[in-house]
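Peer 1: Give me the fold of what follows.
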Amino acid sequence: MGYVTAVSVPQPRDRSTASATANGGRRSLAAALLLGAVGATVVLLTSGQIWAEGTAAVGGGSVPLEAKGSAVTGVPTALAVVGLAALVAIFAVRRTGRFLVSALLALSGAGAALAAFLGASDSTALDAKAAKTTGNTAATVDALTHTAWPFVTVAGGVLILLAGLLALRYGGRWPAMSGRYERDGSPRTRTAPVVDPDRPEDLWKALDRGEDPSQ
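Peer 2: I've put the predicted structure just below:
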């Protein structure tokens, strides 16, 4: 009497797991794009605001002075631009290149936040204005105060940093630019299928494509 052996049947792939992974990748991508774009915008806009105020003694009175963020430090603005470029470049590279660009994005945010934090207590820009206003190179600013804008810039840098951290963690799941185009930007040429005149189905397919099968 023969015996029937059980044959293991391959189980279909768990679609729910694949779907969850895809959804997680899309959510992390959307979050990184939003955080990076908002953070860079905040840094660029707040760098044009007044960061510090004070006065300079001239004769028997005083002259009000103020310094914008870009005069205090230009580092946050420069790094915000670098961060935006890195955010776009992430989709043009793969594997190691994507990791490096993601790291650059994170470092740009960290550097912008740190520079803005240090600039929140910097008086160099106003001291230079005081010296220029009074004509005395040794003059310094009096009644120095700082606004909240440097700390808003810090928050923008932190957002860029978070975008970079998301890219480092989930960037491998994100899509890349289509490979339809060559490195020089020109579209790849497609080779026309060979038409066999002895096969009627090939002739009909060629006609459907708008080709002349007789040539």
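Peer 1: Next up, the contacts around the residue nearest the centre of the chain.
Peer 2: In the chain, the centroid-proximal residue (C-alpha atoms, centre = their mean) is Leu87; its distance is 2.2 Å. Residues in contact with Leu87 (C-beta atoms under 8 Å, 6 or more residues apart in numbering) are 32-33, 36-37, 40, 105, 163. Just so you know, the C-beta spots here come from the backbone N, C-alpha and C atoms, and that holds for glycine as well.
Peer 1: how much space is there between it and Arg95?
Peer 2: 18 Å (C-beta to C-beta, to the nearest Å).
Peer 1: Also Asp142?
Peer 2: Shown here: Asp142 relative to Arg95, a distance of 56 Å by C-beta to C-beta.
Peer 1: circling back to that earlier point, check the secondary structure at the residue nearest to the centre of the chain for me.
Peer 2: helix (DSSP: H, G, I helix; E, B strand; the rest coil).
Peer 1: cool, Thr137 as well?
Peer 2: Following three-state DSSP, we place Thr137 in the coil state.
Peer 1: isn't it right next to Ala131, touching?
Peer 2: Yes. If you go by C-beta atoms under 8 Å, Thr137 and Ala131 touch, sitting 5.1 Å apart.
Peer 1: the more surrounded of these two?
Peer 2: Each of Thr137 and Ala131 has its neighbours counted (other C-beta atoms under 10 Å); Ala131 has more, 16 against 8.
Peer 1: Let me have the contacts of Leu87 in CSV, adding secondary structure as columns.
Peer 2: CSV is the format used below for these (three-state DSSP):
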residue, secondary structure
Ala32, helix
Leu33, helix
Gly36, helix
Ala37, helix
Ala40, helix
Leu105, helix
Ala163, helix
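Peer 1: Out of the residues you listed, which is nearest to Ile50?
Peer 2: Ala40 (20.7 Å; C-beta to C-beta).
Peer 1: wait, what's in contact with the closest residue to that closest one other than its chain neighbours?
Peer 2: Leaving aside its chain neighbours, Ala40 sits nearest to Ala80 (4.4 Å; criterion: C-beta to C-beta, 6 or more residues apart in numbering). Applying C-beta under 8 Å, 6+ apart to Ala80 gives the contacts 39-40, 43-44, 47, 108, 112, 156-157, 160.
Peer 1: what is the rounded mean pLDDT of the helix or strand hosting Ala80?
Peer 2: Secondary structure from DSSP states H and E places Ala80 in helix 75-89. Helix 75-89 shows a mean pLDDT of 95.
Peer 1: That helix: which residues count as buried?
Peer 2: The neighbour-count check on helix 75-89 (16 or more other C-beta atoms under 10 Å) flags 75-80, 82-84, 86-87, 89 as buried.
Peer 1: before we move on, what about stretch 158-174?
Peer 2: Of all the residues in stretch 158-174, those buried under the rule 16+ other C-beta under 10 Å are 158-168, 170-171, 174.
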